[in-house]
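Student: structure for the following, please:
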Amino acid sequence: MPDVIVVGDGPGGLSAALFLAKNEMSVTVFGKDETLMHKALLYNYLGIPKMPGPQFQQVAREQVTSVGGVIEDVEVSSVEKGDGGFTVKTADGREHQSQYLILGTGPANPLAESLGIAKEAEGLAADRNGRTAVDGLYIIGWSTRLKKIQAIISAGDGACAALDILSAKAGEDIHDFDLIEGD
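Tutor: Numbers count the residues shown, from 1 in each chain. As a prediction, this is how the structure comes out:
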């Protein structure tokens, strides 16, 4: 059982998975690589002068798996909250459990709504770390800001959710940055 399940394999979901896996949490991402990033051309993503969305997706997915994240190319059909965490059912009939669930599924998020998350004018209700009123549930990216969205904002949302989970596990606030060896 992974510590965290991420539903959605766009910039937000992959960013969350990267931070979590890099910090030795087990994470499984569910997504069919059908994100709108495949239609994007990145010009304004800090650190990337210009990159087609399909290339970005390939690089990001490889980066997540290179640090131990698992990506399953299957659709999630339902999610449920129980005493021990979450149960995610996939279209192929399997069930998966985790303590934490991150939903980064784009503007429509029926999975979050099925868990009782309020839909507000700007999007689904979550704090700046993606934390919702449901313990262990995070919503990131486009679902939380329907009118003002960018790929880099979604990636930042994923990083915030991951750092919040990592801090909860550590029992104190943590940061994640690496130093050049020898400096």
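Student: quick one: residue 61 from residue 70, how far?
Tutor: 11 Å (CB to CB, to the nearest Å). From N, CA and C alone the C-beta is placed, and that goes for glycine too.
Student: more neighbours, those two?
Tutor: Counted by other CB atoms under 10 Å, residue 61 and residue 70 do not tie: residue 61 has more neighbours, with 19 against 16.
Student: contact partners of the lowest-mean-pLDDT helix or strand in the chain?
Tutor: Every helix and strand in the chain was compared by mean pLDDT, DSSP states H and E; the lowest is strand 119-120, with a mean of 86. Strand 119-120 is contacted by residues 113, 125 when judged by CB atoms under 8 Å, 6 or more residues apart in numbering.
Student: give the contact list for residue 2.
Tutor: 26, 27, 28, 70, 96, 98.
Student: quick check: phi and psi at residue 124.
Tutor: Here is the backbone geometry of residue 124 (degrees, to the nearest 10): phi -70, psi 150.
Student: how near is it to residue 153?
Tutor: Residue 124 sits 15 Å away from residue 153, going by CB to CB.
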